[in-house]
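> Pasted the sequence and its predicted model underneath.
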Amino acid sequence: MTDSSRATRRLVALMAGMGAAHLIAPRPFDAIIPKGLPGGPRTWTYLSGVAELACAAAVAHPRTRRAGALATAGLMAAVFPANVKMARDWRDKPLPLRAAAYGRLPFQAPLIAWAVHVSRNAD
């Protein structure tokens, strides 16, 4: 097994898991949807969950892997404002929760780089 195939499988698992989480337990995700978006937070939570599942499926299939990985990178960039909102909203929470919220922010860049790496190594 190559590093790129391992990276691909792990990216598929991450996106599928997060997509499923958005659909199974949407409430925590609803809370971080920026208020400026039209419609209700639950709609955006479900849409982002479906988008994550679609990205996972696209990355899993060799014929769509490159486009799926690039879509994954774009989706990860698009949801960054929700992570910023979460960090801002949680600034008065206990330290462990605050640390988790702020700690998520710098990890978005490596996640995007990971998706780009998978796209570049697609067969």
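Yep, it's here.
> Nearest the middle, which residue of this structure would you pick?
Met76 (4.8 Å; CA atoms, centre = their mean).
> What residues does that residue make contact with?
108, 111-112, 115 (CB atoms under 8 Å, 6 or more residues apart in numbering). (Glycine included, C-beta is placed from N, CA and C.)
> Tell me the helix or strand right after the helix or strand hosting it.
Using DSSP states H and E, Met76 falls within helix 65-78. Next along the chain after helix 65-78, taking DSSP H and E as the criterion, comes helix 80-89.
> quick one: buried residues of that next one?
82-87 (16 or more other CB atoms under 10 Å).
> got these as JSON lines, with distance to Leu70 columns?
As requested, the buried residues of helix 80-89 are exported to JSON lines (distance: CB to CB, whole Å):
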{"residue": "Ala82", "distance to Leu70": "20"}
{"residue": "Asn83", "distance to Leu70": "20"}
{"residue": "Val84", "distance to Leu70": "23"}
{"residue": "Lys85", "distance to Leu70": "25"}
{"residue": "Met86", "distance to Leu70": "25"}
{"residue": "Ala87", "distance to Leu70": "26"}
